[in-house]
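Engineer: Build me a structure from this.
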Amino acid sequence: RFASVDREARCLGDADPCISLAVVEPVAHEVERVPSAVRGPRAAAEAGAAIHGPVDQRAFLDALGLPARAARLKARATPAQAEAIAAASLRLTDPAPGGMGSLFKAMAITQPTLPPPPGFAHG
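Structural biologist: Prediction:
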């Protein structure tokens, strides 16, 4: 099993972690057991799945509403907390080369009959 999927499943109770939005972080010794759909989008597409992305982390988090959420949090925060929220938001969405916003990507693999998940809307 994968640690982050297990955490996601615990957070969602009885929800199926296979249809939950989760970041899969396989443990190195478990990589050989990773399902082919997680190993690569080509295998997933060959199995009939719909592939969404990859998109930059910045675009993904912006589409999910990170700027609005950060603004709401900062409005109720102390000055020190507001500064920490701004710094964390920038760290996650930094578009500079090597910044997390451009370095990290998000991808979703879904059933082909489902609409694009949040953060992956085609437009």
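
Engineer: rest of the way, CA atoms for contacts and neighbours
Structural biologist: Will do.

Engineer: Where does pLDDT dip in this structure?
Structural biologist: Per-residue confidence for the chain (pLDDT under 70) gives these ranges: 1-39, 122-123.

Engineer: Which residue ranges of it form strands?
Structural biologist: Under the criterion DSSP state E, strands of the chain are mapped to 50-56, 105-110.

Engineer: longest helix of the chain?
Structural biologist: helix 79-93 (DSSP state H).

Engineer: In terms of secondary structure, what does it contact?
Structural biologist: For helix 79-93, the helices and strands in contact under the criterion 3 or more C-alpha pairs under 8 Å, 6 or more residues apart in numbering; DSSP states H and E are helix 57-63, helix 66-75, helix 100-103.

Engineer: Residues in contact with that helix: which ones?
Structural biologist: Under the criterion C-alpha atoms under 8 Å, 6 or more residues apart in numbering, residues 57-58, 61, 66-67, 70, 73-75, 99-102 lie in contact with helix 79-93.

Engineer: 7 Å instead, please
Structural biologist: Q57, R58, A70, K74, M100, G101 (C-alpha atoms under 7 Å, 6 or more residues apart in numbering).

Engineer: Can you flag the buried ones in the residues you listed?
Structural biologist: Buried residues within the contacts of helix 79-93, counting neighbours by 16 or more other C-alpha atoms under 10 Å: Q57, R58, K74, M100, G101.

Engineer: could those residues go into JSON lines alongside distance to T93?
Structural biologist: Putting those into JSON lines (distance: C-alpha to C-alpha, whole Å) gives the following:
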{"residue": "Q57", "distance to T93": "7"}
{"residue": "R58", "distance to T93": "4"}
{"residue": "K74", "distance to T93": "17"}
{"residue": "M100", "distance to T93": "6"}
{"residue": "G101", "distance to T93": "4"}
